[in-house]
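Engineer: Fold the stuff below for me.
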Amino acid sequence: MSNPNETGPGGPKADEPLSPEALAVFSKARRSFGISIGILLLGFMAIAFALVYRVMRDAPPPAVAEIVSVPAGAEVISAVVSEGAINVTYSMNGVTTLALFDQASGELTRSVVIGE
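Structural biologist: Numbers count the residues shown, from 1 in each chain. Model prediction:
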């Protein structure tokens with residue numbers, strides 16, 4: 001019968017320590033494996049970055065209304081596009097008003113008097 005602890009005829013037993021040369025070979029193999037895995041992970045990260053970049057670059061820009069209407073004679077102080085709305089601050093006859101327009105259609109959704 002054969003002994004399962006032997007790797008071959010006259011081979012080393014499982015409880016015998018490895019020689020310094022064998023330990024050096026194992027450490028070199030581990031280091032090589034670690035470098036290979038690191039390069040592989042960097043490659044996967046580069047592919048993921050390229051895919052995300054392509055998806056974000058090719059996404060269509062949100063629709064923005066071309067025209068919004070403020071009362072005739074009003075002086076526009078500021079206009080900002082923010083969170084799906086166009087915020088226009090204007091002054092007319094000494095009254096400052098903030099008008100909120102829908103970003104896609106340009107329709108007035110709300111008007112707030114700020115000061116008189």
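
Engineer: low-scoring pLDDT stretches of the chain, where are they?
Structural biologist: 1-14, 116 (pLDDT under 70).

Engineer: if you set the cut-off to 90 instead, what comes out?
Structural biologist: 1-18, 54-73, 79, 81-85, 92-94, 102-108, 111, 114-116 (pLDDT under 90).

Engineer: Show me where it has its strands.
Structural biologist: 75-82, 85-92, 95-102, 108-115 (DSSP state E).

Engineer: Dump these into JSON lines; add distance to S32 and mean neighbour count as well.
Structural biologist: (Glycine included, C-beta is placed from N, CA and C.) Output for those, formatted as JSON lines (distance: least, C-beta to C-beta, whole Å; neighbours: other C-beta atoms under 10 Å):
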{"stretch": "strand 75-82", "distance to S32": "54", "mean neighbour count": "11"}
{"stretch": "strand 85-92", "distance to S32": "58", "mean neighbour count": "17"}
{"stretch": "strand 95-102", "distance to S32": "61", "mean neighbour count": "17"}
{"stretch": "strand 108-115", "distance to S32": "64", "mean neighbour count": "11"}
